[in-house]
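S.K.: make a model of this:
(chains A and B)
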There are 2 protein chains.
Amino acid sequence: MKITMAHGSGGKATSDLIKNIFAKHLHNPVLARMEDSAVVKGANIIAMTTDSFVVTPLFFKGGDIGKLAVCGTVNDLAMSGAVPKYLTCGFILEESADTDDIERIVISMAMTAIEAGVIFVAGDTKVIEGKGGIYLNTSGVGFLSGNENISSANCKQGDVVILSGNLGDHHATILSARMNITNSIESDCAPLNEITKKLLENSIRIKFMRDVTRGGLATVLNEFAVSSKCCIMLQEEHIPVLEQVRGFCDILGLDPIYMGNEGKMVSIVAREDAQKALDIIRSCRYGENAAIVGEVISGEENTVLMKTSVGGTRIVPELFGESLPRIC
Amino acid sequence: MKITMAHGSGGKATSDLIKNIFAKHLHNPVLARMEDSAVVKGANIIAMTTDSFVVTPLFFKGGDIGKLAVCGTVNDLAMSGAVPKYLTCGFILEESADTDDIERIVISMAMTAIEAGVIFVAGDTKVIEGKGGIYLNTSGVGFLSGNENISSANCKQGDVVILSGNLGDHHATILSARMNITNSIESDCAPLNEITKKLLENSIRIKFMRDVTRGGLATVLNEFAVSSKCCIMLQEEHIPVLEQVRGFCDILGLDPIYMGNEGKMVSIVAREDAQKALDIIRSCRYGENAAIVGEVISGEENTVLMKTSVGGTRIVPELFGESLPRIC
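M.R.: Predicted coordinates:
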C-alpha cells in the first residue's frame, strides 16, 4: 500500500496505520495505552536526547534507517553514562512511501530495541508531499544513578584514548550503495550500551565517552580537546581500519578519521585503567577490535595531533564542509 | 543565508548553525554543555511524548511552526496530568531553507518555552535535498507526582464534557492562508499547562483530558467513548465557535467539530465538580471562552451523539479521510 496525505490526518487512516504497523511490532504495555503522552517510571537523574534520521538508501548492508534510529539514540544516552530506557519515534513520511518498507523498518526498530533493552513509549506520524521518502526522529530517556564517574574536568596528561573498533565501515557502506559498487563492506550500526555499562560497573575512571558518528573521530576529539583545553596525540598506525575499507578509502581519497560510524565509540580514560578498560571493551559484543589509539600529551591546548605512519606529526582539524550527506 | 548540505554534516557548518541560531536563542545551562545527551534532574514518575510538525505555511496569523512545536508537545504532556519540564528539538531542513526564517522560528520557540515554563535540553539538525522546507520534531518530558486524579475507568453517566474555548480557529487560519483569503481569523496556538495544573491543584475529579488537535473534537471524543465504553451526548448549540469562523465554515461547508485546534482542550469531569472546573478554566489564559458542551449518558457504548441546533439527534463518527493536510 502507498502512503497518502490521509495517513497524516489524525483520523481513521492514521489510526489504522498505527494499529497495523507501529503498535503491532513495537507492542508493549505502555504503548498499548495509546495515549499522546506515555506515563512511565522515572529516576532522580535522567538523560535526554534526540536525533533525526534521513539516511539514503533506507536499507543498506548491515542495517537500515530503523536500526540506525534506535542505535543512534541509545548510543547518545549511553555515552552520558545513562542506562537507555524509553524511546519515542516520529515518522515524517512522503506521499507514496511504501507501507511494506515502513513495516520492514519498524520490525528492525523492534528487534534493535529488544537487543538494546529499551521500549518505545510514544510515537507520531506526519505526511508531506514528495516522492516516497521516509524520515525518522527518535528521542530517548535514560536513567543515571549519580555515581557515574565521568569527568572531562579531570582530564590530564597521560590519559589514554581508546577506540572501540575499526573506523569507516558505515560511511563506506552508504557510499558504496550510492555508487552501485559491490563489495563486502557492511555498516557497523550497533547499540553500544553494553560497553558503557560494563566500563561504569568496573569503575573505570572515564574522562570522556562519545560515539564516533558524523564528522568522524577527528571531529569528536577536536570537540573534546577544546572543551577540556587539552592536547591529544593520535597514533595513525594504531587506528584500526578493515582491509577492504582501507582499500576503498585509498581509491576514493577518503580519510577514515573523518568518516562517520554508527557502532563505534571513543573513550578517554585514566592511564592506570587503560588496559583494564581495553579488556572490558574487547570482551563486549561490538568491541572486539578495540585499540588504544592515542593519549593526552602536554602540548598546545585545544589541539589534536597525529603521529603519521611515515613518522611525521600533523595537526588534525575538525571536519569542515559536508563529508557524505545523509549518512544517517 | 541559505542552508546547504554542509549544515547537516556534523562538522563546522553544523556547529556554526547551532552556535549562531539554536544555542543563541534557546540558551540555558543544560543546553550550554553541548553534549549529545542532556543530563537533568528527574522524577519518580515521568511523562514522555513526541510530535513532528510539517505545517505549511511556516508562518501564519497567531503563530508559526516553532510556537506550534512547543505548544503541541507541552499540551500532550499537560493532558496526561504532568508538569511539562524538558523539550528536545530535531530540525529536518531542506536545502536552501532560509536561516532568517529558521532564526525567527527559533526565537518563537524560545518565547513560547518561557511562557510554558519548559527548557530545551537537546537538539539535532539534518539537511535533505528539496526546496527550502522546514520540518520540526519536539519531544518532551514532564513530571507527575503520582497524586493526579485522572481516570477514565471511573467514567459514568452524568459526567460533564467541558471544552476550553471556541473551535476551528487554527484550521480556518491555515486554510485561509493557503487560499489567500484575508480575514481576521487567528490561530489559537497556545500552551494549556496552566489550565491543567489548576484543575489538578483544585482536586477536580477528571475522567479525561485531551487537547483537540488533528481530527477535531469529534475524533477525540470518539477515542474516549471507545476506550471507556461510554456514550457521549453533545449539545451543538453549546459548542463555542467564533462568528467569523462560523461564517468561514458555512461558506466552505466545514464542520467545526472536525477542525484541528492548537490551543483547545476537552475535559470530562464528575458532574459535582463541573461548575468549579468551568470557573477554573475560564479564569485561566486561553480558557476564557470555556463551555459545558455535553455529558455522558446511558446510551449505546462507544458512541458519540449530538443534539443538533434544530432539535434532532445524530451520530458523530470519528474523522475519516484527510481533513486539511499539514495543519500542524
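S.K.: count of neighbours near the nearest residue to A:P240 once chain neighbours are set aside?
M.R.: With C-beta to C-beta, 6 or more residues apart in numbering or on different chains as the measure, A:N166 is the residue that lies nearest to A:P240, at 4.2 Å, once sequence neighbours are left out. No exception for glycine: its C-beta is placed from N, CA and C like everyone else's. Other residues near A:N166 come to 21 when the count uses other C-beta atoms under 10 Å in any protein chain shown.
S.K.: then A:F22?
M.R.: Using other C-beta under 10 Å as the criterion, A:F22 is surrounded by 22 other residues.
S.K.: does it really touch A:I105, like I thought?
M.R.: No - in this structure A:F22 lies outside contact range of A:I105 using C-beta atoms under 8 Å: 10.5 Å.
S.K.: could you measure from A:K307 over to chain B?
M.R.: Look at A:K307 and chain B: by C-beta to the nearest C-beta, to the nearest Å, they are 23 Å apart.
S.K.: read off the pLDDT value for that residue.
M.R.: At A:K307 the predicted local distance difference test score is 98.
S.K.: quick one: neighbours of A:K61, just the number.
M.R.: Residues lying near A:K61 (other C-beta under 10 Å) number 17.
S.K.: tell me the contacts of it?
M.R.: When the contact criterion is C-beta atoms under 8 Å, 6 or more residues apart in numbering or on different chains, the partners of A:K61 are A:173, A:176-177, A:185-187.
S.K.: how near is A:A110 to A:K24?
M.R.: As judged by C-beta to C-beta, to the nearest Å, A:A110 and A:K24 stand 9 Å apart.
S.K.: now A:G165
M.R.: With distances taken as C-beta to C-beta, A:G165 is found 34 Å from A:K24.
S.K.: just A:S164 next, same as before
M.R.: When C-beta to C-beta is applied, the distance between A:S164 and A:K24 equals 34 Å.
S.K.: the more surrounded of those two?
M.R.: Neighbours of A:S164 and A:K24, each counted by other C-beta under 10 Å, are more numerous for A:S164; the result is 29 against 13.
S.K.: surely A:L163 and A:V212 touch.
M.R.: Yes - taking C-beta under 8 Å as the contact criterion, A:L163 and A:V212 are neighbours in contact, 7.4 Å apart.
S.K.: shared neighbours of those two, anything?
M.R.: Counting by C-beta under 8 Å, 6+ apart, the common neighbours of A:L163 and A:V212 are A:264-266.
S.K.: now do stretch A:221-233, average pLDDT.
M.R.: With pLDDT averaged residue by residue, stretch A:221-233 scores 94.
S.K.: buried residues in that stretch, which are they?
M.R.: When neighbours are counted by 16 or more other C-beta atoms under 10 Å in any protein chain shown, the buried residues of stretch A:221-233 are found to be A:221-225, A:227-228, A:230-233.
S.K.: farthest pair in these?
M.R.: A:S227 and A:M233 (17.6 Å; C-beta to C-beta).
S.K.: that older thread, out of the shared contacts of A:L163 and A:V212, which are inside strands?
M.R.: With strands taken from DSSP state E, the overlap with the shared contacts of A:L163 and A:V212 comprises A:265-266.
S.K.: could the shared contacts of A:L163 and A:V212 be laid out in TSV, adding distance to B:L87, neighbour count and pLDDT?
M.R.: Output for the shared contacts of A:L163 and A:V212, formatted as TSV (distance: C-beta to C-beta, whole Å; neighbours: other C-beta atoms under 10 Å in any protein chain shown; pLDDT from 0 to 100):
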residue	distance to B:L87	neighbour count	pLDDT
A:K264	29	30	98
A:M265	27	26	98
A:V266	29	22	98
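S.K.: and of the shared contacts of A:L163 and A:V212, the nearest to chain B?
M.R.: If you rank the shared contacts of A:L163 and A:V212 by distance to chain B using C-beta to the nearest C-beta, A:M265 comes first, at 11.2 Å.
S.K.: count of residues packed around A:G253?
M.R.: Taking other C-beta under 10 Å as the neighbour definition, A:G253 ends up with a count of 6.
S.K.: and it, how far is that from chain B?
M.R.: Counting by C-beta to the nearest C-beta, the separation of A:G253 from chain B is 17 Å.
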